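**Q** Dropping the sequence and predicted coords here.
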Amino acid sequence: HPSQGVSLGDNVTLRCHLPRLAAWVWLYQEGGWLYKKRKEKEQDTTEFFFPSTLWEHAGRYRCQYRVSWSEEVSVESDPVELVLTDVRYPPSSISLHGEWRDIGDHMWDCVIFGGKDEKLLKPLRSVWRAVANTLKAI
């Protein structure tokens, strides 16, 4: 699996590793497509190739298989996620400013130590006032 994601338009191969030789292998995309392969010769690995990936290829995938002599189908594999990125639009960054962290810490203290009834509401009034003042300043 690529660790950093795959660029939109790249070629991608998803490989299903099977614990036994299988004649049929299915690749399920959660909420999306079903891909299947019939193997003339039973194999313990099956590859699903995506030339020039599109946005709709992004998502979580699971494999499932069936051996030729049985009608039973295996349970689905653990999922693998295909993450696509667009090199034209690098990801933005996010940070948490100190005043927001202080406000969040204060609100958390109020929730943990405030208890029920008025004990919680009174300390939160000053926090909400600080939030409103900070938003006005932005």
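**A** In hand now; what should we look at? Note that the coordinates shown come from a computational prediction; the quantities given were computed from them, not determined experimentally.

**Q** When you work out contacts or count neighbours from here on, use the C-alpha atoms and nothing else.
**A** Fine.

**Q** mind listing what's buried in stretch 47-54?
**A** For stretch 47-54, a neighbour-count test (16 or more other Cα atoms under 10 Å) marks 48, 53 as buried.

**Q** If you could redo that for stretch 70-83, that was the one I meant.
**A** Neighbour-count burial for stretch 70-83 flags 77, 82, 83 (criterion: 16+ other Cα under 10 Å).

**Q** End to end on it, go ahead and measure it.
**A** Terminal residues of stretch 70-83 are spaced 35 Å apart (Cα to Cα, to the nearest Å).

**Q** cool, stretch 65-81 as well?
**A** End to end - Cα to Cα - stretch 65-81 spans 19 Å.

**Q** Need the contact partners of that stretch.
**A** By Cα atoms under 8 Å, 6 or more residues apart in numbering, the surrounding residues in contact with stretch 65-81 are 18, 21-26, 42, 58-64.

**Q** which element is residue 73 on?
**A** Using DSSP states H and E, residue 73 is not contained in any helix or strand.

**Q** Distance check, it against residue 50.
**A** Relative to residue 50, and taking Cα to Cα, residue 73 is found at 25 Å.
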